[in-house]
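Q: With the input below, show me the fold.
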Amino acid sequence: QVQLVESGGGFVQAGGSLRLSCAASGRTFSSYAMGWFRQAPGKEREFVAAISWSGGSTYYVDSVKGRFTISRDNAKNTVYLQMNSLNPEDTAVYYCAAPGSYSDYVPRHIYEYNYWGQGTQVTVSS
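A: Residues are numbered from 1 along each chain as shown. Below you'll find the predicted structure:
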């Protein structure tokens with residue numbers, strides 16, 4: 001069974017930075033793409049970023065391009081989301097997710113992910 005545990009959320013002022021981590025266990029981490037999603041109060045969960053199994057390909061939602069960076073350390077079974085220049089619109093619960101199968105394709109839709117972490121709260125004050 002795949003387990004994903006996020007950490008690193010918190011409270012930060014606008015313009016600040018946070019780094020989220022997601023520790024994975026239960027299967028060969030390095031074979032799978034990984035993704036980050038977020039859900040703000042009263043809104044649907046949305047795609048934020050995703051990374052290929054090798055780390056060679058990354059994808060971002062337009063609203064975070066140039067501010068967020070997804071990366072991974074396969075030796076540590078961990079994927080990261082570095083978030084800079086945060087603004088109040090980034091306030092949400094952030095979820096790490098893993099697909100059910102491995103391939104070179106990097107999923108970017110909720111329905112393509114089978115495993116989810118419990119989420120970590122990020123709050124950005126103005």
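Q: who's in contact with the residue most central in space within the chain?
A: Centroid-nearest residue in the chain, with Cα atoms, centre = their mean: W36, separated by 2.2 Å. By Cβ atoms under 8 Å, 6 or more residues apart in numbering, the contact set of W36 is L20, C22, V48, A49, A50, I70, V79, L81, Y94, Y95, C96, A97. All C-beta atoms are positioned from the backbone trio N, CA, C, and that covers glycine.
Q: By neighbours, which of those wins?
A: If you count neighbours using other Cβ atoms under 10 Å, the busiest of the contacts of W36 is V79, which has 30 neighbours.
Q: now the strands for this protein?
A: Read by DSSP state E, the chain holds these strands, from start to end of the chain: 3-7, 10-13, 18-25, 34-39, 46-51, 58-60, 68-73, 78-83, 92-99, 113-116, 120-125.
Q: okay, these in TSV with mean pLDDT and distance to P107 next?
A: As requested, the strands of the chain are exported to TSV (pLDDT from 0 to 100; distance: least, Cβ to Cβ, whole Å):
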stretch	mean pLDDT	distance to P107
strand 3-7	97	14
strand 10-13	98	27
strand 18-25	97	15
strand 34-39	98	6
strand 46-51	98	6
strand 58-60	98	9
strand 68-73	98	13
strand 78-83	98	13
strand 92-99	97	5
strand 113-116	96	6
strand 120-125	98	21
